[in-house]
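**Student:** Just to be clear, the model below is a prediction. Sequence and coordinates:
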Amino acid sequence: VKSQGRNGYAFFDPTMEAKSLERILMENELRKAIEQEQFHIYYQPKMDIATQQLTGMEALVRWIHPELGVISPGRFIPVAEETGLIVELGEWILREACKQNKKWQDEGHQLKVSVNLSARQIFQKDLVEMVTRILGETGLAPAWLELEITESIFVKMEEATVVLKQLRDAGIQISIDDFGTGYSSFSYIKSLPVDTIKIDASFIRDIHHNQESQAIVKAIVTIADSLQMNVIAEGIELDDQAEALQQNGCVHGQGYLFSKPLATADFEHFLLNR
Ligand code: C2E
Ligand code: CA
Ligand code: CA
Ligand code: CA
């Protein structure tokens, strides 16, 4: 708050008030939405860029509100994180994604599903227990699950490393999402218990005509190779971007060029018609 009154009280800021009111309404709506099962999981294909083979899929939550329609996760995930509702919602998302992938596995599609975890979930105390319980309940083998985490968790480096190690010991794979935008540094990446680096879309957007982005991607690929980590690029929309990625050694990709995130039935259609 910029202005202070003479006696030290902050002046009433109407925009802040409006925001918090929206938050409160949103929080109540979120609680209802969990109860009324208004959430749906969409799946976005992950591809081998050169062969156009499907290699896996990312689970992305959608809130389909009866009056407001589709609300994007960018709007409600932060509220769910702040209110702690992400713990309950996150568990539901994980269960849905594992259940669905188990079904696809049983139909002969051997694909890995990637589920996003927010920082708050990483530091919830029973996370590893919860994840292994869900794998047990759904019957999905841990090798078919990958968890996408962001670099933001590495502000608490030691705690985060312990949790990631436990998850990997349980046979689950770990991917660093949005790589290059946060706390990541090449000097400590080597000590992180991760399997895959997901290069942030901001480096892909201009890669076909920006030499710096090309150099960054090439450097990430080189380092990942030497650490025996996998690399995937996200946000690929253009053929030119896919080509530039291949020229710089990036094999795996995800983006609208291949497919947008799809509802379950549409993803099944994609599976069968690829
Ligand atoms: P993210 O994990 O970085 O996911 C990538 C976002 O980029 C998704 O947006 C996806 O739909 C979008 N995207 C994919 N390909 C392209 C493309 O070629 N071009 C463009 N412009 N966008 C593309 P979405 O689904 O709206 O999700 C936004 C963010 O919300 C995610 O970013 C993630 O941080 C969060 N989120 C989504 N689902 C979940 C979830 O189940 N749990 C948690 N904790 N967070 C989630
Ligand atoms: Ca992600
Ligand atoms: Ca991302
Ligand atoms: Ca992101």
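**Tutor:** Looks like it came in fine. Ligands and ions are numbered 1, 2, ... in the order given.

**Student:** Please, which helix or strand holds residue 270?
**Tutor:** Taking DSSP states H and E as the definition, one finds residue 270 inside helix 264-273.

**Student:** Repeat that for residue 74.
**Tutor:** Here residue 74 is covered by helix 73-83, with elements defined by DSSP H and E.

**Student:** now residue 241
**Tutor:** Under the assignment given by DSSP H and E, the secondary-structure element containing residue 241 is helix 239-247.

**Student:** Give me the residues contacting that helix.
**Tutor:** When contacts are defined by Cβ atoms under 8 Å, 6 or more residues apart in numbering, helix 239-247 is touched by residues 49-50, 204-205, 207-208, 214, 217, 233, 236, 253, 255, 257. Backbone N, C-alpha and C define where each C-beta goes, glycine included.

**Student:** how much space between residue 77 and residue 63?
**Tutor:** Note on residue 77: its distance to residue 63, by Cβ to Cβ, to the nearest Å, is 10 Å.

**Student:** Settle it for me: which of the two has more neighbours?
**Tutor:** For residue 77 versus residue 63, neighbours defined as other Cβ atoms under 10 Å are more numerous around residue 63 (22 against 19).

**Student:** The more buried one touches residue 39, doesn't it?
**Tutor:** Yes - with contact taken as Cβ atoms under 8 Å, residue 63 and residue 39 are classed as touching, separated by 5.7 Å.

**Student:** what sits in contact with each of these two?
**Tutor:** Taking Cβ under 8 Å, 6+ apart as the contact criterion, the residues that touch both residue 63 and residue 39 are residue 33.

**Student:** Give me the mean pLDDT for the helix holding residue 270.
**Tutor:** Mean pLDDT, taken over the full extent of helix 264-273, equals 96.

**Student:** Also stretch 39-50?
**Tutor:** Mean per-residue pLDDT for stretch 39-50: 98.

**Student:** Go ahead and flag the most central residue of this structure.
**Tutor:** The residue at the geometric middle of the chain, judged as the C-alpha nearest the mean C-alpha position with Cα atoms, centre = their mean, is residue 116 (3.4 Å).

**Student:** helix, strand or coil for the nearest residue to that residue once chain neighbours are set aside?
**Tutor:** Across the structure, with Cβ to Cβ, 6 or more residues apart in numbering as the measure, the residue nearest residue 116 apart from its sequence neighbours is residue 148 (4.8 Å). Applying DSSP: H, G, I helix; E, B strand; the rest coil to residue 148 yields a three-state assignment of strand.

**Student:** Distance check, residue 148 against residue 175.
**Tutor:** In this structure, residue 148 and residue 175 are 5 Å apart, going by Cβ to Cβ.

**Student:** Low-confidence ranges, the protein, go.
**Tutor:** Within the chain, the set of residues satisfying pLDDT under 70 comprises 1-19, 183-185, 187.

**Student:** residues in it within reach of ligand 2, list them.
**Tutor:** Residues of the chain lying close to ligand 2 by Cβ under 5 Å from the ion are 116, 148, 177.

**Student:** which residues touch the residue nearest to residue 116?
**Tutor:** Residue 148 makes contacts with 58, 114, 115, 116, 117, 175, 176, 177, 198, as judged by Cβ under 8 Å, 6+ apart.

**Student:** Likewise for residue 166?
**Tutor:** Residues in contact with residue 166 (Cβ under 8 Å, 6+ apart) are residue 128.

**Student:** same deal with residue 213?
**Tutor:** Each residue near residue 213 by Cβ under 8 Å, 6+ apart is listed here: 203, 204, 205, 206, 207.

**Student:** Residue 198 now?
**Tutor:** Applying Cβ under 8 Å, 6+ apart to residue 198 gives the contacts 148, 175, 176, 177, 178, 179, 231, 232, 233, 234.

**Student:** Pretty sure the fifth one sits in a strand.
**Tutor:** Yes - under three-state DSSP, residue 178 falls within a strand.

**Student:** just checking, it touches residue 149?
**Tutor:** No - in this structure, residue 178 is not within contact of residue 149 by Cβ under 8 Å, at 9.7 Å.
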